[in-house]
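Q: Sequence first, predicted coordinates after that:
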Amino acid sequence: MLQIAFIRENQEKVIQALAKRNMDAKSVVEDVVQLDEKRRATQVELDGILAESNKLSKDIGELMKNGEKSKAAILKEKTVLNKEKSKKLAEIADAIAAELTEKLYTLPNLPAAIVPVGKTPEENLNVFEAGEVPVLHEGAQPHWELVKKYDIIDFELGNKIAGAGFPVYKGKGARLQRALINYFLDKNTAAGYNEVQVPHMVNEASAYGTGQLPDKEGQMYHDATDNLYLIPTAEVPVTNMFRDVILNENELPVLTTAYTPCFRREAGSYGAHVRGLNRLHQFDKVEIVRVEHPDKSYEALDGMVEHIKDILNELKLPYRILRLCGGDMGFTSALTYDFEVFSTAQDRWLEISSVSNFETFQANRLKLRFKDKDGKNQLAHTLNGSSLALPRVLAGILENYQTAEGIVIPEVLRPYCGFDIID
C-alpha cells in the first residue's frame, strides 16, 4: 500500500508513475487526498473536544474539592454534550478512515524508474539469455506425452480425484519432484536463507498484508466457513511472519526460504498453452523471501537474480531473464524480473520464476518496520522470488533432456534422485 503522506506530497509524481502501468489514477489520487484532509480535520476537531473534556474533568474535580457543586454540575452537563459529540466524531473518523483504506487498496505499487513502458508481455525487455537449446531426436514429444509414455505423471487420475489441474506424480516422476524440492532448498540454505515450514492456509489479514487481497480475490481458493484462504505462494505466509514486527537495523537483512504446495484457481485459463504442467491449480514451489534495509534492497534483488541464474546453470537448461514492463507487472511489485526456460518440444518459453522488489508497499500494509540508528521506526523493504516453481522446470527437464533411450536426469540432480535416467 502506498503511504498517504507520500501521495499527498507527490500527487503528480504518483499519477505519472501509475500511468506507466497504463492506469489513469488521477481521480483516485484526488479522492485519497480529499479523504485524508477530511480525516485529519475530523481528528483535529475530535482531539480538541477530548482535550476540552479532560480539562473540564480537572476543573470539576477542583470545584467539588472547593464545595462549588452547582458550578461543577454546569460543567458536568458540558462533559455529557462533549461525550456525545466525540462519539459521533469518532464514528465519522472511523468511516472516513475505512473509505480511505479502501481507496488506497485500489492503487498498485509505483514502478521503479527502470521499468520499461509497455502494455503486454511482448513489450517486456529481454536482459539476459544463457544455455544451449538442445537438438532433439526425431520423434521428440512434449512433456504431456512423455509422462504417459513413462507413466510418471497421471493427469487423468488427478482429474478423477479432484479435477483438471491436480496431477498425480508417480514412481520416478514423484522422486524427481522430491529431488527438485530438496535441491532447491539446499541451494537456498547454502546461500544463507533460513528454511521454515509454514501453514498452507492464511487468514484475511495475511492475504491483505502481502497484497493478494483485494487484487486477486477471484484467483484464490476460499474456505468461507473459517474465512481462510489456500495459499497461492509461500510468499504470503512467509512474509506475514514479519507482520507487526519492529526489527533492529542490525538484524537486517532477514533471509527465509520455504517449500509449499500452491493453489490457484487460474480462472479463465484455456487453450493449448495451458496443457499438461504448463498451468495447474495445485503445484509445488520453493520460495525465497528477504526483508531488507531500503538502501540495500536493489543490491539484494540483483543477488537474488544471480542466485537463480546459478541454479539454472547447474540444471543446464536454456533460459532467459525479462524485465517486466509496466503493463505486465504484478500489483504489488516495483520491479520484477521473470525467468523463462525454453521448452524445445513445445518451441516456446515457459515462465519458471518471478523475482520482485516491493520496496515499502507490502511493509506498509504489514506494519513491518525496523529501528534505525537514530531510534526512529522506518518501513523495511520486502522482496521475494520463486526458487523455483516446479511444474515448468520439470516440463523443461523432461522435454530438453529426452533422448530416444529415455529422459536423462541432469547431473546435479542424480544424487537426489538415485537414478540417472527415466526409461
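A: All right, it came through fine.
Q: can we go C-alpha only for contacts and neighbour counts from here?
A: Will do.
Q: Ser343 contacts Ala395, doesn't it?
A: Yes. Under the criterion of Cα atoms under 8 Å, Ser343 makes contact with Ala395 at 7.5 Å.
Q: Relative to the whole chain's centre, how far out is the top helix by length along the chain?
A: Looking across the chain with DSSP state H, the single longest helix is helix 26-65. Using Cα atoms, centre = their mean, to the nearest Å, the mean C-alpha position of helix 26-65 is found 37 Å from that of the whole chain.
Q: Give the other helices and strands that it contacts.
A: On a contact count with 3 or more Cα pairs under 8 Å, 6 or more residues apart in numbering; DSSP states H and E, helix 26-65 meets helix 4-9, helix 11-19, helix 69-105.
Q: any idea of the mean pLDDT in the shortest one?
A: In this model, helix 4-9 carries a mean pLDDT of 96.
Q: May I see the buried residues of that helix?
A: Neighbour counts over helix 4-9 (16 or more other Cα atoms under 10 Å) mark Ile4, Ile7, Arg8 as buried.
Q: With stretch 13-30 instead?
A: Using 16+ other Cα under 10 Å as the test for burial, stretch 13-30 gives Val14, Ile15, Gln16, Ala17, Leu18, Ala19, Lys20, Arg21, Ala25, Lys26, Val29.
Q: Switch those over to JSON lines, and while doing so, append pLDDT and distance to Ala389 to every line.
A: Formatted as JSON lines, the buried residues of stretch 13-30 follow (pLDDT from 0 to 100; distance: Cα to Cα, whole Å):
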{"residue": "Val14", "pLDDT": "97", "distance to Ala389": "33"}
{"residue": "Ile15", "pLDDT": "98", "distance to Ala389": "34"}
{"residue": "Gln16", "pLDDT": "97", "distance to Ala389": "34"}
{"residue": "Ala17", "pLDDT": "97", "distance to Ala389": "30"}
{"residue": "Leu18", "pLDDT": "97", "distance to Ala389": "29"}
{"residue": "Ala19", "pLDDT": "97", "distance to Ala389": "31"}
{"residue": "Lys20", "pLDDT": "97", "distance to Ala389": "28"}
{"residue": "Arg21", "pLDDT": "97", "distance to Ala389": "26"}
{"residue": "Ala25", "pLDDT": "97", "distance to Ala389": "33"}
{"residue": "Lys26", "pLDDT": "97", "distance to Ala389": "37"}
{"residue": "Val29", "pLDDT": "97", "distance to Ala389": "36"}
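Q: Including distance to Lys88, could those go into CSV?
A: CSV is the format used below for these (distance: Cα to Cα, whole Å):
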residue, distance to Lys88
Val14, 34
Ile15, 34
Gln16, 38
Ala17, 38
Leu18, 37
Ala19, 39
Lys20, 42
Arg21, 40
Ala25, 32
Lys26, 31
Val29, 27
